[in-house]
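>>> Build the 3D model from these lines:
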Amino acid sequence: MLVSTRRKKLQAIVVLHKAASSNDSSSFAFLNVITMIDLRGKMNFLRNRLVVLGLVMLATLLLYLLLPSIRQGNMEPSLEAQKLGLMATSPPPLPSTNITIRTGHLPGEPPLFFREALPVDSTGRQIFPRLQVVLLHGQAFTSKTWEELGTMTLLAVNGYQALAMDLPGYGKSPDSEALKTDQSRVDLLSRFMESLAVQAPVLLSPSMSGHYSIPFLVKNSAQLRGFIPIAPVGTRSVSPQQYQSIQTPTYIVYGALDTNLGAQSHHNLIQLPNHSVLKIEGARHACYMDKPREFHQGLIEFLSILK
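Residues are numbered from 1 along each chain as shown. Sure thing, here's the model as predicted:
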């Protein structure tokens, strides 16, 4: 378009120049025509540039509006979550009541780090606990997992005392060479409960912590008000006769996608005579991380039926 305008301009200059050479009075008209042609060419050039600029701005605006949704839709789990085989799922919203998570160390060999959330009523006033819940953890986690997931706060606002410990060698609890036998691990849990005046608690035990909880269940089941195994290790070491002798109310939790330890522990633990099962669809081994809302709902429902 710009080339065509320039060609027309040159043709007009030639014609008008010939006319002007025969008549001096035409010089003024000649200059006016040239000026008009020049202005028209500049206007066309500016118009073209404005069109291009407008298209660029429109494309930029569309990218600005669409990019956040595209990034959100394609968001992948964090590197840490991928290593652990977890979903990058946000936990459910926490209750509005302000709960203080206290921390402490129990002396002994080994010393044990723990977190505690005390029960409160709807006004935030501390109350006597309906039950005490002791939370163990899996190999990739610590007691802080239950704080960050909101489990301790959820328990406290529902009237339960939550006590989460770092098992030896994890978090802030040092490792110990003395924990080589089932009995030594049973004694460690007993020491933890006695030191914190825990009586007839509900013991929650995922994965690796089955090395502690399963022997404790076999030897001291009468001391537990309830047991919540979440795909724990160690369930094959218990005989059918031992399972049948345990009357502790048990809530067997596992992820539907955990076809290894979850399915295996479920197969063994259903030999307990007083059990119920929570199979969390779409969840893997750490099902409480994949589906925290479903896990928390089941947890509170189970605790509410214990007397």
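>>> Tell me where the chain has strands.
Taking DSSP state E to define them, one finds strands in the chain at 101-106, 112-117, 131-135, 160-165, 202-206, 226-230, 250-255, 275-280.
>>> Can you give the domain ranges for this structure?
In the assignment given by automatic domain parsing, the structural domains of the chain cover 2-73, 89-305.
>>> ok so, going back, as TSV, the strands of the chain with mean pLDDT would be great.
Listed next are these as TSV, based on pLDDT from 0 to 100:
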stretch	mean pLDDT
strand 101-106	96
strand 112-117	98
strand 131-135	99
strand 160-165	98
strand 202-206	99
strand 226-230	99
strand 250-255	98
strand 275-280	98
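>>> and those as a markdown table, adding mean neighbour count?
From N, CA and C alone the C-beta is placed, and that goes for glycine too. Shown next, in a markdown table, are the strands of the chain (neighbours: other C-beta atoms under 10 Å):
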| stretch | mean neighbour count |
| --- | --- |
| strand 101-106 | 13 |
| strand 112-117 | 22 |
| strand 131-135 | 23 |
| strand 160-165 | 25 |
| strand 202-206 | 27 |
| strand 226-230 | 26 |
| strand 250-255 | 26 |
| strand 275-280 | 17 |
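>>> and Thr145, how far is that from Pro206?
Distance of Thr145 to Pro206, computed by C-beta to C-beta, to the nearest Å: 9 Å.
>>> Check the contact lists of the two and give me the overlap.
His137 (C-beta atoms under 8 Å, 6 or more residues apart in numbering).
>>> quick revisit: put together JSON lines for the strands of the chain, with distance to Leu299 on each row.
Output for these, formatted as JSON lines (distance: least, C-beta to C-beta, whole Å):
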{"stretch": "strand 101-106", "distance to Leu299": "18"}
{"stretch": "strand 112-117", "distance to Leu299": "14"}
{"stretch": "strand 131-135", "distance to Leu299": "9"}
{"stretch": "strand 160-165", "distance to Leu299": "10"}
{"stretch": "strand 202-206", "distance to Leu299": "8"}
{"stretch": "strand 226-230", "distance to Leu299": "7"}
{"stretch": "strand 250-255", "distance to Leu299": "8"}
{"stretch": "strand 275-280", "distance to Leu299": "9"}
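>>> Of these, give the one that comes closest to Leu269.
With C-beta to C-beta, the closest approach to Leu269 among the strands of the chain belongs to strand 250-255: 4.9 Å.
>>> which strands and helices sit next to that closest one?
strand 226-230, helix 261-269, strand 275-280, helix 287-290, helix 292-305 (3 or more C-beta pairs under 8 Å, 6 or more residues apart in numbering; DSSP states H and E).
>>> Tell me which strands it pairs with, and in which orientation.
Using DSSP bridges, strand 250-255 pairs in its sheet with strand 226-230 (parallel), strand 275-280 (parallel).
>>> Need the ones you listed in CSV (columns: distance to Pro107).
Shown next, in CSV, are those (distance: least, C-beta to C-beta, whole Å):
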stretch, distance to Pro107
strand 226-230, 28
strand 275-280, 36
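>>> Give the lowest-confidence helix or strand of the chain, using mean pLDDT as the measure.
Lowest by mean pLDDT, DSSP states H and E among the helices and strands of the chain is helix 79-84, with a mean of 34.
>>> about what we covered before: out of the strands of the chain, which comes closest to Asp182?
strand 202-206 (14.1 Å).
>>> Note down every partner strand of that closest one and its orientation.
As assigned by DSSP bridges, strand 202-206 forms pairs with strand 131-135 (parallel), strand 226-230 (parallel).
>>> Need the residues that contact it.
131-138, 141, 189, 212-214, 216-217, 224-232, 286, 288, 299, 303, 306.
>>> hmm, back to that, would you mind telling me which of the strands of the chain is nearest Met193?
Closest approach to Met193 among those (C-beta to C-beta): strand 131-135, 6.8 Å.
>>> which ones are touching Ile305?
So Ile305 contacts Pro249 (C-beta under 8 Å, 6+ apart).
>>> for Lys291, what are its contacts?
By C-beta under 8 Å, 6+ apart, the contact set of Lys291 is 89, 255, 280-283.
>>> for Leu135, same thing?
Taking C-beta under 8 Å, 6+ apart as the criterion, Leu135 is in contact with 143, 146, 151-152, 162-165, 204.
>>> And those residues, which two are furthest apart?
Across those, no pair lies farther apart than Thr151 and Met165, at 13.7 Å, counting by C-beta to C-beta.
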